[in-house]
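Trainee: Could you look at this predicted model? Sequence included:
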Amino acid sequence: MHFHDLRHAGSTLTAQAGATMSDLMARMGHSSTRAAQIYLHTTTERDRVVADALNSLIEDHVRGTQGARGTGRASRG
């Protein structure tokens, strides 16, 4: 095991914990996004977290849209 192996593992875990590209760049001392992208591996678990978050946003939007329909506005037609 080499120092860079530990650095890579730590950075990958940081990304999976939700760090943004800017967070990774600051922590790693990178000045380019290309270098930071190396650590943004995707995993099935992380993909599920993202999918669930997107689903929640969509459901919230749909609930908000349905609530706006019952505001008592007269319909034209």
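Mentor: Received, thanks.

Trainee: what is the mean pLDDT for stretch 16-26?
Mentor: For stretch 16-26, mean pLDDT is 87.

Trainee: Point to the residue nearest the middle of this protein.
Mentor: Central residue of the chain (C-alpha atoms, centre = their mean): Val50, 6.0 Å from the mean position.

Trainee: Figure out the helix or strand that that one lives in.
Mentor: Val50 belongs to helix 44-69 when assigned by DSSP states H and E.

Trainee: avg pLDDT for that helix?
Mentor: When pLDDT is averaged over helix 44-69, the result is 85.

Trainee: Counting neighbours, which bits of it end up buried?
Mentor: Within helix 44-69, no residue is scored as buried using 16 or more other C-beta atoms under 10 Å. Quick note: C-beta positions are derived from backbone N, CA and C, even for glycine.

Trainee: can you tell me which residues contact Met1?
Mentor: Residues counted as contacts of Met1 (C-beta atoms under 8 Å, 6 or more residues apart in numbering): none.

Trainee: What separation is there between it and Gly29?
Mentor: 21 Å (C-beta to C-beta, to the nearest Å).

Trainee: The closest residue to Ser31 other than its chain neighbours: neighbouring residues, count only.
Mentor: Distance criterion C-beta to C-beta, 6 or more residues apart in numbering; nearest residue to Ser31, sequence neighbours excluded, is Met25 at 7.3 Å. Met25 has 17 neighbours, counted by other C-beta atoms under 10 Å.
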